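**Q** Generate a structure from the sequence data that follows.
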Amino acid sequence: MTLDEGKEKFIQAWGTMATSWGVNRTMAQIHALLLVSPEPLNADQVMEALKISRGNANMNLRALIDWGLVHKELKTGERKEYFRAEKDIWEVVRRIIVERKKRELEPMIRAMEEVSAVQGAGPEVEEFRKVVEDIRQLSTKADQVLERLVQTDPNWILTAFLRLIR
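**A** Predicted coordinates:
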């Protein structure tokens with residue numbers, strides 16, 4: 001397998017895997033391209049490599065910047081913006097966790113707190129309150145665990161994981 005073939009397979013695999021994280025395929029493919037690029041790339045280079053439109057490239061590069069997965073760089077004497085990916089994979093995972101918590105888990109917790117104030121009495125209301133409270137408690141615990149994971153030293157996690165699989 002050549003380097004170009006390997007890069008193509010990696011970019012496709014990263015795009016497919018990232019859809020499970022709540023990241024769209026093109027956004028993940030741009031991220032993968034930047035991950036394996038030794039030098040920052042500009043939007044034109046991203047467009048050419050992935051065969052995507054300028055609008056698609058720019059929209060997804062901005063989203064990657066918002067997620068903290070890509071950083072913008074300026075080169076002296078160049079008018080174009082260049083982009084490089086965060087290459088520390090633990091930091092990539094940490095930032096994905098932070099964004100998913102912010103976009104999915106925290107709104108769920110707020111919604112469960114809001115709907116838990118439902119008024120009334122009777123078996124249907126009690127069942128509703130019980131289900132909502134169970135979901136709220138699970139969501140809150142998940143949020144706490146993820147927050148601890150984000151705050152934890154990656155070396156400790158790796159050591160604990162290696163002990164677990166031995």
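
**Q** burial count for L3?
**A** The local packing of L3 (other C-beta atoms under 10 Å) involves 8 other residues. Where C-beta positions appear, they are placed from N, C-alpha and C, glycine not excepted.

**Q** What score does it have for pLDDT?
**A** pLDDT recorded at L3 is 88.

**Q** tell me the contacts of it?
**A** Taking C-beta atoms under 8 Å, 6 or more residues apart in numbering, we find L3 in contact with no residue.

**Q** so what's the residue nearest to S53 when sequence neighbours are not counted up against?
**A** Distances taken as C-beta to C-beta, 6 or more residues apart in numbering place M47 nearest to S53, at 7.0 Å, with adjacent residues excluded. By C-beta under 8 Å, 6+ apart, M47 lies in contact with 53-54, 57.

**Q** can you give me the strands in the protein?
**A** 41-42, 70-74, 81-85 (DSSP state E).

**Q** now for those, which one comes closest to Q119?
**A** Of all the strands of the chain, it is strand 70-74 that lies closest to Q119, at 47.2 Å by C-beta to C-beta.

**Q** S53 is in contact with T26, correct?
**A** No. Using C-beta atoms under 8 Å, T26 is not in contact with S53; the gap is 9.8 Å.

**Q** okay, these two: which has more neighbours?
**A** T26 (18 against 11).

**Q** residues contacting the more buried one?
**A** Neighbour list for T26: 15, 50, 52, 56, 60 [criterion: C-beta under 8 Å, 6+ apart].

**Q** again, only this time at 7 Å
**A** 52, 56, 60 (C-beta atoms under 7 Å, 6 or more residues apart in numbering).

**Q** Go through those residues and flag which are in helices.
**A** Using DSSP state H, the subset of the contacts of T26 located in helices is 56, 60.

**Q** Considering the contacts of T26, which possesses the most neighbours?
**A** With neighbours set by other C-beta under 10 Å, the maximum within the contacts of T26 is found at N60, which has 24 neighbours.

**Q** Tell me how far the residue of the chain most remote from its centre lies from K130.
**A** Residue distances from the centre of the chain (C-alpha atoms, centre = their mean) peak at G122, which lies 42.2 Å from the mean C-alpha position. Separation of G122 from K130 (C-beta to C-beta, to the nearest Å) stands at 13 Å.
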